[in-house]
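Engineer: Based on what follows, work out the 3D shape:
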Amino acid sequence: MYKCKKCDFEADSVSAIGNHSKWEHNRDKQYTKCSHCNEKFQLGTVKKHELGCMFNPTNYTECKECGCHIRKELKFCNSSCSAKYNNRVGKTGYKRMTNENNGIHPNFNPNKEKGYREICFGKYEPKCIICGWDKSVDVHHIDNDHNNDNVKNLVPLCQNHHQLTRMNEYKDDINKQIKACV
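Structural biologist: Okay, here's the model as predicted:
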């Protein structure tokens, strides 16, 4: 039997005592901290972690809306920040043809036919006519004919209310609310 010099552990072989010493008495020497996030990693894996570490300045950028750290290939940390940013800069699921100064957008073509979203948002603000949600707004065709882009057939709805127009148990109730708002 072999005995550990630092404690009372006994083993049948020298290699077992060596493993015991390595893992019980020298464990802290087996780990090191990431230079970017200070998280502990084994010596063999820390370099790989540091290359992909979220806090490595070469791997991240900031969310365009809230400024939190995100992977470099992303623009936003989540869909909520994306919607907030797009609404703030004038995009609510469609490309507005005027800039913030109400001037004509450089890509505006007066001969081009307007899309149904432009037609709808020419009459309504880009928010749900039922609840007022303005983060992500769909355009609903009242008669469910997607070829009928008449301004009287288009209303802005949030995604929740728009989904309810397709569900048999809520369809009639939502249509009543739409008619009350139009």
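Engineer: Next one: Asn26 from His162, what distance?
Structural biologist: Using CB to CB, to the nearest Å, one gets 62 Å for the distance from Asn26 to His162. In this view, the C-beta of every residue, glycine as well, is placed from N, C-alpha and C.
Engineer: my bad, Ala180
Structural biologist: From Ala180 to His162 the distance is 17 Å (CB to CB).
Engineer: Dead centre of the chain: give me the residue that sits there.
Structural biologist: Asn78 (1.7 Å; CA atoms, centre = their mean).
Engineer: and the longest helix for the protein?
Structural biologist: helix 168-181 (DSSP state H).
Engineer: Which residues outside that one are in contact with it?
Structural biologist: For helix 168-181, contacts defined as CB atoms under 8 Å, 6 or more residues apart in numbering pick out Ile129, Ile130, His140, Ile142, Val155, Leu157, His161, Leu164, Thr165.
Engineer: Restricted to helices, list these.
Structural biologist: Those of those lying in helices (DSSP H): His161, Leu164.
Engineer: Mind putting the contacts of helix 168-181 into a markdown table with distance to Glu10 and pLDDT?
Structural biologist: Output for these, formatted as a markdown table (distance: CB to CB, whole Å; pLDDT from 0 to 100):
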| residue | distance to Glu10 | pLDDT |
| --- | --- | --- |
| Ile129 | 80 | 95 |
| Ile130 | 76 | 94 |
| His140 | 78 | 94 |
| Ile142 | 84 | 93 |
| Val155 | 81 | 95 |
| Leu157 | 75 | 94 |
| His161 | 73 | 94 |
| Leu164 | 72 | 92 |
| Thr165 | 76 | 92 |
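Engineer: What residue spans form the domains of this protein?
Structural biologist: Domain ranges of the chain: 31-89, 116-181, per automatic domain parsing.
Engineer: With neighbour numbers in mind, choose between Asn26 and His162.
Structural biologist: The neighbour comparison of Asn26 against His162 (other CB atoms under 10 Å) goes to His162, with 19 against 10.
Engineer: how close does the more buried one sit to Val137?
Structural biologist: Distance from His162 to Val137, by CB to CB: 9 Å.
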